[in-house]
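J.: Here is a sequence with its predicted model. Questions after.
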Amino acid sequence: MFIYIKLSMTSIDGVKVRQIVEGKTKLFVPDVKGHPSKGKVFFNPAMRLNRDITVSLFSVKRVSEFLDAFSATGAKGIRVMNEAGIDVVFNDISPLAVKFIKRNLKLNGLDARVENKDANILMREERFSAIDIDPFGSVSRFMDSAAASVKNKGIICLTDTDTSALAGSYPTSAIRKYTAVVGRTSFMHELGIRALIGFAIREASKYDIELRPVFVHSTLHYYRVFLEARSGRKRASDAVRSLRWIVYDRKSEDRWYSQFPDPSFENFGPVWAGKLFDEDLVKKMKGVSDASKALIELAKKEAGFELPYIDYHILASKHKLPLLKMNKLIDVLTANGISVSRTHFCSHCFKANAQPSEIAPLLKSYN
Ligand code: SAH
């Protein structure tokens, strides 16, 4: 007689799975060939940096509970629970996803509440101190409920994969979803992130809530934005009043913030015009992988800048400049009294507290 012992589970509710380890967390994920969206439950290994940064941020920014409103396999919430030690409530509209979440919690020896609701309904029923919105696509249909649900001093975390609308490729789509005027620029992803934050600020202001970014990144095909919420009518009014237009002079590449559009140039907005990072928070963040450590190091450098990044290739072609190595460019500009930094947005771009028309003459003579 043979005794058959099944050593490893290979399916959840008939879906073939494989076990992986991400960070310090074990996960069963659908065994999909091809693009992750083909799986019956969504899991994209390429989104690891999104989860790593979330763990790093909430290891510093303590909150009483974290709603993983679009959990899928539970990957992000389980990592936040396991690696940052925060209580998490899980939710997904898909009953199959709920089965994955429960299995994955068990796999890590954890126990948590798991809901199976439309995230908009859950966020109308209850309030949470951190809320993660990760719908695969635009966050625009969930922002209003997230603002209604977030507690004072809490954090709303947005993942938006609708970058082509926000970054200027589909202006009509950006008006429809984000009530933002965008167009093609040389700082497309910063325009996209600032337009997304501007939209979030307007949505939250209806509930007398001020939102302020504490960490952002533009990675691969998505934007990730962490916004701190503070209650108060005056705070909400001030936040809306602080929104600006980006005025863009396409000829010189100069760009600046203005309260009103300037008809002599192109105008995009309304956008968040302040800092994209909370410098104190970023200084405390450690990173849990090489990629997250590298991103946090760059964030520390660019945290103090407000103007959108300058694309050196475009600047050089418009002003007929030599292409220096990035370190040399930084040395030359620094020697001329300009504050300058690399940026995570793009490897041949930089941040500066000066306009391209001031920078170009300083670079002209170098070869
Ligand atoms: N956060 C996950 C990925 C989420 S993918 C990770 O880090 O891996 C998006 C998930 O949102 C899918 O599982 C989908 O079932 C779920 N979803 C889509 N619309 C929803 C809604 N209205 N309410 C709740 N969940 C929803």
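T.: Yes, it's here. Numbering: from 1, shown residues only.
J.: Would you mind measuring from Phe66 to the ligand?
T.: Applying CB to the nearest ligand atom, to the nearest Å, the value for Phe66 to the ligand is 12 Å. Where C-beta positions appear, they are placed from N, C-alpha and C, glycine not excepted.
J.: again, but for Ala46
T.: For Ala46, the distance to the ligand - CB to the nearest ligand atom - is 10 Å.
J.: Quick check: closest non-adjacent residue to that residue.
T.: Leu220 (6.3 Å; CB to CB, 6 or more residues apart in numbering).
J.: Relative to Thr161, how far out is the one you found?
T.: Counting by CB to CB, to the nearest Å, the separation of Leu220 from Thr161 is 9 Å.
J.: Quick check: buried residues in stretch 232-250?
T.: Buried positions in stretch 232-250, judged by neighbour count with 16 or more other CB atoms under 10 Å: 235-236, 239-240, 242-249.
J.: what's the first-to-last distance across that stretch?
T.: 39 Å (CA to CA, to the nearest Å).
J.: and Pro261, how many neighbours does it have?
T.: 16 (other CB atoms under 10 Å).
J.: Tell me if it really is in a strand.
T.: No - under DSSP: H, G, I helix; E, B strand; the rest coil, Pro261 sits outside any strand and is assigned coil.
J.: now the residue lying closest to it once chain neighbours are set aside, which residues is it bridged with?
T.: Nearest non-adjacent residue to Pro261, counting by CB to CB, 6+ apart: Asn267, 3.7 Å away. Counting by DSSP bridges, Asn267 is bridged to Val247.
J.: Next, the contact list for the residue in the stretch 151-300 of the chain positioned nearest to the ligand, please.
T.: Per CB to the nearest ligand atom, Thr159 is where the stretch 151-300 of the chain lies closest to the ligand, at 7.3 Å. By CB atoms under 8 Å, 6 or more residues apart in numbering, the contact set of Thr159 is 47, 50, 132-135, 139, 222-224.
J.: what helix or strand is it on?
T.: strand 150-160 (DSSP states H and E).
J.: Going by neighbour count, list what's buried in that strand.
T.: So for strand 150-160, counting by 16+ other CB under 10 Å, buried means 150-151, 154-160.
J.: doesn't Gln19 make contact with Ser11?
T.: No - Ser11 is beyond contact range of Gln19, at 11.9 Å (criterion: CB atoms under 8 Å).
J.: Of those two, which one has the most company?
T.: Ranked by neighbour count (other CB under 10 Å), Ser11 and Gln19 place Gln19 first, with 14 against 11.
J.: Just give me the longest helix of the chain.
T.: The residue-count maximum for a helix in the chain (DSSP state H) belongs to helix 188-205.
J.: In CSV, list the C-alpha atoms belonging to it.
T.: What follows is helix 188-205, C-alpha atoms only, in CSV (Å, rounded to 0.1, in the frame of the first residue of the first chain):
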residue,chain,number,x,y,z
MET,A,188,5.9,64.7,-19.3
HIS,A,189,6.0,62.4,-16.2
GLU,A,190,6.4,65.3,-13.8
LEU,A,191,3.5,67.0,-15.4
GLY,A,192,1.6,63.8,-15.1
ILE,A,193,2.3,63.3,-11.4
ARG,A,194,1.7,66.9,-10.6
ALA,A,195,-1.6,66.9,-12.5
LEU,A,196,-2.6,63.7,-10.6
ILE,A,197,-1.8,65.3,-7.3
GLY,A,198,-3.7,68.5,-8.3
PHE,A,199,-6.8,66.3,-9.1
ALA,A,200,-6.5,64.5,-5.7
ILE,A,201,-6.2,67.8,-3.8
ARG,A,202,-9.4,69.1,-5.5
GLU,A,203,-11.3,65.9,-4.8
ALA,A,204,-10.3,65.9,-1.1
SER,A,205,-11.1,69.6,-0.6
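J.: what inclination does the next helix or strand after that helix have with respect to strand 150-160?
T.: Sequence order places strand 209-219 as the next helix or strand after helix 188-205, per DSSP H and E. Here strand 209-219 runs at an angle of 30 degrees relative to strand 150-160 (axes from the mean of the first three to the mean of the last three CA atoms, to 10 degrees).
J.: so does strand 209-219 get close to the ligand?
T.: No - with CB under 6 Å from any ligand atom as the criterion, the ligand is not reached by strand 209-219; the gap is at least 13.2 Å.
J.: Relative to that strand, what are the paired strands and their orientations?
T.: When pairs are called by DSSP bridges, strand 209-219 turns out to pair with strand 222-231 (antiparallel).
J.: so after the strand it pairs with, what's the next helix or strand?
T.: helix 233-241.
J.: residues in contact with that next one?
T.: Here helix 233-241 makes contact (CB under 8 Å, 6+ apart) with 201-202, 204-205, 207-212.
J.: Throw the residues you listed into TSV and include pLDDT, thanks.
T.: TSV is the format used below for the contacts of helix 233-241 (pLDDT from 0 to 100):
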residue	pLDDT
Ile201	99
Arg202	98
Ala204	98
Ser205	98
Tyr207	98
Asp208	98
Ile209	98
Glu210	98
Leu211	99
Arg212	98
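J.: Not counting sequence-adjacent ones, nearest residue to the residue positioned nearest the centre of the chain?
T.: Most central in the chain under CA atoms, centre = their mean is Arg224, positioned 0.9 Å from the mean C-alpha point. In this structure, Arg224 finds its nearest non-sequential neighbour in His217, 5.0 Å apart by CB to CB, 6+ apart.
J.: Cool, thanks, signing off.
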